[in-house]
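Colleague: coordinates only, sequence not included:
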């Protein structure tokens with residue numbers, strides 16, 4: 001045996017190592033909370049976003065121009081995209097409140113888009129309206145199956161999102177509303193993740209103990225659920241239209257053989 005190798009763990013008469021025996025039992029899961037963006041759905045491709053919004057304004061863009069515009073708009077700050085590197089001072093207040101008040105959300109993102117000289121009248125507003133429409137988003141390939149399996153297993157579900165507009169029309173359009181028991185949206189409840197209060201509100205709406213609840217998301221803000229007593233599963237966001245690894249949440253939630 002090499003000097004640096006560790007000896008094998010001693011085994012019990014049943015063949016199970018003592019380290020395996022010391023592992024704590026998996027916490028039972030009575031309910032699952034899901035983040036929205038980056039967990040259940042993703043915004044549409046940036047170039048498609050720009051082309052569609054320009055068309056709403058009566059302008060047909062050549063793809064190279066739309067691609068250049070999309071790059072600049074995403075850098076300026078797109079809802080569902082990376083955070084802007086810089087928020088102009090005149091937008092600082094609405095930016096800070098964007099997930100608490102619907103008017104602030106609109107003002108922040110329309111304002112950021114307006115900092116890009118696109119040469120298309122009304123484009124900033126049209127880009128934002130695209131966000132409010134279900135056609136501006138794509139549910140992940142495994143979203144419907146995961147929600148359906150949880151419903152069939154009797155596990156209640158809530159969508160918990162930092163957002164400044166109503167997500168219910170999106171779920172209606174995707175025929176997923178009946179699979180969600182509660183929507184806990186920051187602008188409606190006045191709390192944003194990672195504040196424990198928003199997770200506790202979700203658990204209260206579902207009538208479940210936080211200690212028996214799993215939060216699934218894609219950011220450290222979602223992992224803030226542990227401060228409310230929940231377990232947390234953080235999955236890296238996938239590209240639009242792909243599967244997002246939600247089977248891992250399903251495995252945890254129905255592991256007790258429901």
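Modeller: Now that the structure is in, tell me what you want to look at. Since we're looking at a predicted model, the values are computed, not measured. Numbering: from 1, shown residues only.
Colleague: where does residue 104 sit relative to residue 28, distance-wise?
Modeller: 39 Å (CB to CB, to the nearest Å). Yep, even glycine has a C-beta here, placed from its N, CA and C like the rest.
Colleague: for the stretch 151-258 of the chain, what spans make up the helices?
Modeller: 168-173, 186-189, 196-206, 220-223, 247-253 (DSSP state H, counting those that start in this stretch).
Colleague: packing partners for the last one?
Modeller: The helices and strands touching helix 247-253, judged by 3 or more CB pairs under 8 Å, 6 or more residues apart in numbering; DSSP states H and E, are strand 31-34, helix 143-152, strand 213-217, strand 231-234.
Colleague: make a markdown table out of those and add distance to residue 173.
Modeller: Listed next are these as a markdown table, based on distance: least, CB to CB, whole Å:
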| stretch | distance to residue 173 |
| --- | --- |
| strand 31-34 | 18 |
| helix 143-152 | 12 |
| strand 213-217 | 22 |
| strand 231-234 | 27 |
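Colleague: dump the residue contacts of residue 242.
Modeller: 140-141 (CB atoms under 8 Å, 6 or more residues apart in numbering).
Colleague: how about 10 Å then?
Modeller: 42, 138, 140-142 (CB atoms under 10 Å, 6 or more residues apart in numbering).
Colleague: quick one: the longest helix along the chain to chain centroid distance?
Modeller: Ranked by number of residues, the top helix in the chain under DSSP state H is helix 63-77. Helix 63-77 sits 23 Å away from the centroid of its parent chain (CA atoms, centre = their mean, to the nearest Å).
Colleague: for the stretch 151-258 of the chain, give me the ranges with low pLDDT.
Modeller: 255-258 (pLDDT under 70).
Colleague: hmm, back to that, quick one: which of residue 104 and residue 28 has more around it?
Modeller: residue 104 (19 against 15; other CB atoms under 10 Å).
Colleague: how about the more buried one, secondary structure?
Modeller: helix (DSSP: H, G, I helix; E, B strand; the rest coil).
Colleague: ok, it touching residue 94?
Modeller: Yes. If you go by CB atoms under 10 Å, residue 104 and residue 94 touch, sitting 4.3 Å apart.
Colleague: now, of the helices of the stretch 151-258 of the chain, which is deepest in the fold?
Modeller: Neighbour counts (mean count of other CB atoms under 10 Å) averaged over each of those peak at helix 196-206, with a mean of 20.
Colleague: on that earlier part again, let me have the helices and strands packed on helix 247-253 in TSV, extended by mean neighbour count.
Modeller: Shown next, in TSV, are these (neighbours: other CB atoms under 10 Å):
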stretch	mean neighbour count
strand 31-34	27
helix 143-152	18
strand 213-217	26
strand 231-234	19
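Colleague: among these, which comes closest to residue 86?
Modeller: Residue 86 lies closest, by CB to CB, to one member of those: strand 213-217, at 26.1 Å.
Colleague: quick one: distance of that closest one to the chain centre.
Modeller: With CA atoms, centre = their mean, you get 11 Å for strand 213-217.
Colleague: so which elements touch it?
Modeller: Counting contacts by 3 or more CB pairs under 10 Å, 6 or more residues apart in numbering; DSSP states H and E, strand 213-217 packs against strand 31-34, strand 157-161, helix 196-206, helix 220-223, strand 231-234, helix 247-253.
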